[in-house]
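Trainee: Provide a 3D model corresponding to the input given below.
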Amino acid sequence: GGHALSKTSGPGTSSPASKMTYLAIVSSIFTQNWVQLFKVGAPCMVLNMLRQARDFLFALAAMDAGFNQKQIGFLITSMYVMDFLSFPISGYLMDTLGRKYALVSSLSCISLGCTLLSLCGGRKVALFLIAFVAGAGSGIGAGIAMCMGADLANVALVKFRNTHGHHEALSDKAVMTVFLGIFRTSQDLGQMFGPQVVGRLSNLVSLDFSGLLIGGLGFLAALFSICCVDETKRDESALKLSKEGSQRDKNRG
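Mentor: Residues are numbered from 1 along each chain as shown. Predicted coordinates for the structure are as follows:
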């Protein structure tokens, strides 16, 4: 189960954290934060799934529309140009209106693009216009999962210190890194399954159906975010609290 931490937080003292194995630390962090890991991680996973599925969808749609290889490359490039140009909007939305607002906007725009792709009938000009929408949607949410994960990692640190105390062998960064590792795992699952879902549905049913289903899933994730996801930006103060709490624990040691 991993090596136990053997250092103590002060002469003649031993905190609970000093006797925990690595697996116990991971288990504790997950148990304390599983609700937020699900509520925030699920829509972020769908967002990553949409991003990966989007590229595959537009490439297949372009092939069905009769694009040659050069034109397909130009279509995908134009989508990523809009993605790039939308980066500043992402920062503005997250810092001014909140992380939740940026997440919902990104999910909605990419979902709209995937849905319209299934309804455009293979018209070439429409494909480019819809690619702009889907590209902008991805850019609007640039860094949103990383940002929300970092916000929640600060809260996870406070919970862990309140339960297990401070230990010099287990730094604040180590606790936050474990949380972010757990959070990031779900995001990678979305990236892995996105193209698989589109490919299988396109083969079994149709490309239009896969676009509609992926778009519908994105809209459901956006609705879930509106109803169930708490704004994480207000939790930035937890970093200050965690540092103050850690310093008090060190002083006691």
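
Trainee: what's the spacing between the one residue sitting closest to the centre of the chain and residue 156?
Mentor: For the chain, residue 145 is the residue whose C-alpha lies nearest the centre (C-alpha atoms, centre = their mean; 3.0 Å). With distances taken as C-beta to C-beta, to the nearest Å, residue 145 is found 15 Å from residue 156. The C-beta positions use only the backbone N, C-alpha and C, and glycine is treated the same way.

Trainee: cool, residue 72 as well?
Mentor: 43 Å.

Trainee: which one's more surrounded, the two?
Mentor: Between residue 72 and residue 156, residue 156 has the larger neighbour count (other C-beta atoms under 10 Å), namely 27 against 17.

Trainee: if you skip the residues just before and after it, what's nearest to that one?
Mentor: residue 179 (4.2 Å; C-beta to C-beta, 6 or more residues apart in numbering).

Trainee: I'd say the one you found and residue 154 touch.
Mentor: No - in this structure, residue 179 is not within contact of residue 154 by C-beta atoms under 8 Å, at 9.2 Å.

Trainee: show me where the stretch 51-200 of the chain has helices.
Mentor: 69-85, 87-92, 99-119, 124-140, 144-164, 172-204 (DSSP state H, counting those that start in this stretch).

Trainee: ranking the ones you listed by burial, who's on top?
Mentor: Ranked by mean neighbour count, the helices of the stretch 51-200 of the chain are led by helix 99-119 with a mean of 24 (mean count of other C-beta atoms under 10 Å).

Trainee: what is the rounded mean pLDDT of that helix?
Mentor: Helix 99-119 shows a mean pLDDT of 93.

Trainee: stretch 25-32 now?
Mentor: Mean pLDDT, stretch 25-32: 90.

Trainee: in that stretch, what's buried?
Mentor: 25, 26, 28, 29, 32 (16 or more other C-beta atoms under 10 Å).

Trainee: contacts for it, please.
Mentor: Outside of stretch 25-32, the residues within contact range by C-beta atoms under 8 Å, 6 or more residues apart in numbering are 17, 20, 37, 156, 159-160, 163-164, 170, 175, 178-179, 182.

Trainee: could I get these as JSON lines with distance to residue 133 and pLDDT?
Mentor: Shown next, in JSON lines, are those (distance: C-beta to C-beta, whole Å; pLDDT from 0 to 100):
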{"residue": "17", "distance to residue 133": "48", "pLDDT": "59"}
{"residue": "20", "distance to residue 133": "48", "pLDDT": "71"}
{"residue": "37", "distance to residue 133": "30", "pLDDT": "91"}
{"residue": "156", "distance to residue 133": "35", "pLDDT": "91"}
{"residue": "159", "distance to residue 133": "40", "pLDDT": "90"}
{"residue": "160", "distance to residue 133": "41", "pLDDT": "89"}
{"residue": "163", "distance to residue 133": "46", "pLDDT": "85"}
{"residue": "164", "distance to residue 133": "47", "pLDDT": "81"}
{"residue": "170", "distance to residue 133": "46", "pLDDT": "77"}
{"residue": "175", "distance to residue 133": "40", "pLDDT": "89"}
{"residue": "178", "distance to residue 133": "38", "pLDDT": "91"}
{"residue": "179", "distance to residue 133": "34", "pLDDT": "93"}
{"residue": "182", "distance to residue 133": "33", "pLDDT": "91"}
